Structure formats: structure tokens, C-alpha cells
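> kindly return the folded structure for what I paste below:
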Amino acid sequence: MEKNSSVAVAITVPAYARSDIIVPALGFVIPFFVSGPQVLTGTLVNCLLFLYAWRLPRSRYFMMSAFPSVGAVANGVVFGTFTPYLLYFLPFIWIGNMVLIGVAKSVGKPRGILLVGEAAVKKAALLLSASLIFVAFRVVPPMFLVAMSVMQFATAVIGGFIALGITARIWRK
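Numbers count the residues shown, from 1 in each chain. Take a look at the predicted model:
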């Protein structure tokens with residue numbers, strides 16, 4: 001008689017592949033767990049965007065760019081009763097996040113304050129342009145001029161500085 005033999009097969013998933021999925025998922029759930037002001041939620045998301053760009057391959061730009069804003073709309077916490085207006089901005093937020101990731105990734109590694117500033121300015125300028133058009137055509141209330149420009153710039157800068165601090169303390173060791 002023949003004995004049944006079993007062979008254990010271990011599937012090893014590279015660390016970046018796990019992070020490739022976990023980090024965007026974390027971006028999606030931030031608005032559910034941090035239902036604070038835009039500056040808090042946006043800072044956390046932008047910090048993740050910078051960390052994502054510096055540590056992971058380009059293969060999931062869109063997923064990381066889209067998940068946080070989809071989470072914000074799904075939960076409705078960032079803009080409260082104004083969250084439905086956020087739907088108009090989704091494609092621009094996604095592109096803005098991809099621009100931020102692209103600027104951060106283009107260098108290959110964090111290069112400091114100039115990189116964070118450049119990425120923040122480009123993202124905020126894109127979102128300001130969209131908000132100017134939407135406000136001019138009365139698609140969204142004027143409050144979005146600040147929310148999609150100054151606040152986007154501020155949260156990108158703060159998030160970028162936090163990400164720089166994380167990379168300096170943890171990843172370089």
C-alpha cells in the first residue's frame with residue numbers, strides 16, 4: 001500500500017507587495033477612524049502618500065491615490081454636510097494625489113523640504129484650479145476654495161514633514 005504524503009507549500013509574498021495592499025487600505029479607513037477636522041485627516045493621508053511613494057513600487061499609484069478620498073465620501077466625515085460636493089472633486093483629488101506621489105517618487109528617495117514643498121504646491125494648485133472653476137459655475141460653495149487649496153497645501157506639507165521624520169528615524173536605521 002502507498003502512503004499519502006503531503007507537501008507543504010509556502011507562498012512568500014514580498015514585503016512591498018503586502019504593503020502595496022495594506023497602505024491603500026489604511027488610507028481608505030483613516031476617515032472612518034479619524035473623524036476629526038480636515039487638517040488631521042488630510043495630514044495622515046498625505047503622510048501615507050509620501051511614505052508610499054518613497055518605499056513602494058509605482059504599480060499602485062491609482063489605488064493609493066483614490067482610496068482615501070473614497071473613504072472620506074463613504075464616511076462623510078471630512079466635510080460633514082458638504083461631503084456630497086466632494087464627489088465633484090474626486091477625479092481631481094486622485095490626480096492631485098498621483099502628482100504628489102509622482103513628485104516624491106521622481107527623486108527615488110526623500111530629499112527633504114524642497115521635495116515636500118514642490119509636491120504640496122503642485123497638488124494644491126491643481127485642486128485650486130478645479131475649485132475656482134466649480135465655484136465660478138456655482139457647482140460647489142465658496143468654502144471649497146480654502147478647503148481645496150490652502151488646506152490641501154497645509155496638510156501635504158505637514159504630512160510630508162512627518163513622513164520625512166519617520167524616514168529619518170525608522171527606515172534609515
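> what residue ranges in the protein score low on pLDDT?
The chain contains residues with pLDDT under 70 at 1-20, 77-78, 107-111, 171-173.
> where along the protein do the helices fall?
Remark: helices assigned in the chain by DSSP state H are 15-33, 38-55, 61-75, 83-106, 113-136, 143-147, 150-166.
> possible to save those as CSV with mean neighbour count?
C-betas here are computed from N, CA, C, even on glycine. CSV is the format used below for the helices of the chain (neighbours: other Cβ atoms under 10 Å):
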stretch, mean neighbour count
helix 15-33, 16
helix 38-55, 23
helix 61-75, 20
helix 83-106, 19
helix 113-136, 18
helix 143-147, 18
helix 150-166, 20
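> excluding its backbone neighbours, what's nearest Ile101?
Ala53 (4.3 Å; Cβ to Cβ, 6 or more residues apart in numbering).
> actually Ile133, not the one I wrote
The nearest residue in space to Ile133 (Cβ to Cβ, 6+ apart) is Val139, at 8.0 Å.
> what about the one you found, how many neighbours?
Neighbourhood size, Val139 [other Cβ atoms under 10 Å]: 14.
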